[in-house]
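Engineer: Coordinates for the following, if possible.
(one chain, ligands or ions: 2)
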Amino acid sequence: MNIATGVGVSDMGRSDRNYPVNCWWVGATSAEVADRPVSRWLLDQRVVMYRQQDGGLVALEDRCAHRAAPLSDGKIEGDDLICPYHGFRYNPAGACVDIPSQDKAPRSVKVRAFPSRELAGFVWLWMGDPTLADEKLLPDVPWFADSNFLQISGDMHTACNYMLIHENLLDLTHFAFLHADTLQQNGWDGPPSEVIATDSTVTFKNEVPNAPLAPFLALPMELEAGTIVDRCDWGQFHSPACHFGGIDIQIPAPEAGKRSGYTFRIMHCTTPLSNRKSHYWWAVAQDFGQNIPGIEQVLTDVTLRTFKQDKDVLEAIQETMDRDFRGANGPEISVVSDNAAIRARRMVAAMVRAEIENEPRANR
Ligand code: FES
Ligand SMILES: [Fe+2]
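Structural biologist: Numbers count the residues shown, from 1 in each chain. Ligands and ions are numbered 1, 2, ... in the order given. Below is the predicted model of the structure:
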């Protein structure tokens, strides 16, 4: 199997994975975790999220320590969660504090509690060693909680390894083909003008001077599609869980009194449910178009049509790689525009290898 690409990994749990567990992964939107428990699979593990009376977030393993019933089907009482099967009661730290059928709950009865944070409208969970959960590893993405920006967001399930989504985001030469009738974003006939890698991130930048404005930008900017602008498209593989980027637009000679700069930001969060299934979350923030009635729906529609095109091709790729008799040895060549994606692949492979080497066997 190939850790970097996920080709040849089985769908039988963590023993054969290409995702790191020591990472902040998105589990839900903040709005979803309200008055009822929310159950999600993340990294081959079932997790339940709910809120305490003061609004504080709780994330526990969604598997009762007694007979593996989903705690998410139970009831929240005060700050605790009660298993629906035989009524074991768990506190926000995951300790079982009551077993109705006997006097005492032994201290050994507990479920895992996961560190959690809320940022940019999402709930982020640390699925690995809690002592390594460092807030500084969360992305710095202020635009998605800035009231000066118009925001839209959504999510979809994709039947592919999460790294296929990252690779799609790191090679935008697919715009000219896959999204020719949706985004219509030009300037991607070749690789990006710059790719910069650090120890844990890969950033690409593509300066596109004198570019005709695509309709999905022109409409909220209240300009004609095709208006000539200077653009910089950029994106960053921030972690295996998150890619964010943007489009910075400059109008070369704005009319008197009109603005010259426009900011568009996008974030993609890629949570593996398993090696073959991903929950993909996206958010857009832009500092233009806020006053156009109904614009959110129009922009959401074009975004969803675009991402459906990505989903369809990525799921087809996954199926081809899975069913081809050559498995992980199937042919694959890379070209110049794959530079950023290849760097991200190598980073992830190194992270996973290091984790697996350091992990107690029982956690694998
Ligand atoms: S399975 Fe939860 S109390 Fe029995
Ligand atoms: Fe795409």
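Engineer: Close to ligand 1: what parts of this protein are there?
Structural biologist: Neighbours of ligand 1 within the chain, by Cβ under 6 Å from any ligand atom: Cys64, His66, Arg67, Ala69, Cys83, Tyr85, His86, Gly87, Phe88. (C-beta placed from N, C-alpha, C; glycine too.)
Engineer: So which of the residues you listed belong to strands?
Structural biologist: Among the residues of the chain next to ligand 1, no member is found in strands (DSSP state E).
Engineer: Report the two of those residues separated the most.
Structural biologist: Arg67 and Gly87 (12.0 Å; Cβ to Cβ).
Engineer: how about the helices in the stretch 251-364 of the chain?
Structural biologist: Chain-ordered helices for the stretch 251-364 of the chain, with DSSP state H, counting those that start in this stretch as the definition, fall at 295-323, 339-358.
Engineer: Name the residues of the first one that are buried.
Structural biologist: In this case it means helix 295-323. Buried residues in helix 295-323, counted by 16 or more other Cβ atoms under 10 Å: 295-296, 299, 302-304, 306-307, 309-311, 313-314, 317-318, 321.
Engineer: Could you do the shortest one as well?
Structural biologist: With burial defined by 16+ other Cβ under 10 Å, the residues of helix 339-358 counted as buried are 339-345, 347-349, 351-352, 355-356.
Engineer: For Tyr97, give its distance to ligand 1.
Structural biologist: Rather than Tyr, residue 97 is Val. To ligand 1, Val97 is 13 Å away according to Cβ to the nearest ligand atom, to the nearest Å.
Engineer: what residues are up against Gly327?
Structural biologist: By Cβ atoms under 8 Å, 6 or more residues apart in numbering, Gly327 lies in contact with Val7, Gly8, Met321.
Engineer: most remote residue from the chain's center?
Structural biologist: Distance to the chain centre peaks in the chain at Asp103, reaching 44.2 Å (criterion: Cα atoms, centre = their mean).
Engineer: residue contacts, the nearest residue to Tyr85 once chain neighbours are set aside?
Structural biologist: Leaving out its chain neighbours, the residue that sits closest to Tyr85 by Cβ to Cβ, 6 or more residues apart in numbering is Ala69, at 3.9 Å. Contact analysis of Ala69 by Cβ under 8 Å, 6+ apart lists Arg63, Cys83, Pro84, Tyr85.
Engineer: I am assuming the third one contacts Lys75, so please confirm or correct that.
Structural biologist: I take that to be Pro84. Yes. With contact defined as Cβ atoms under 8 Å, Pro84 reaches Lys75; the gap is 7.4 Å.
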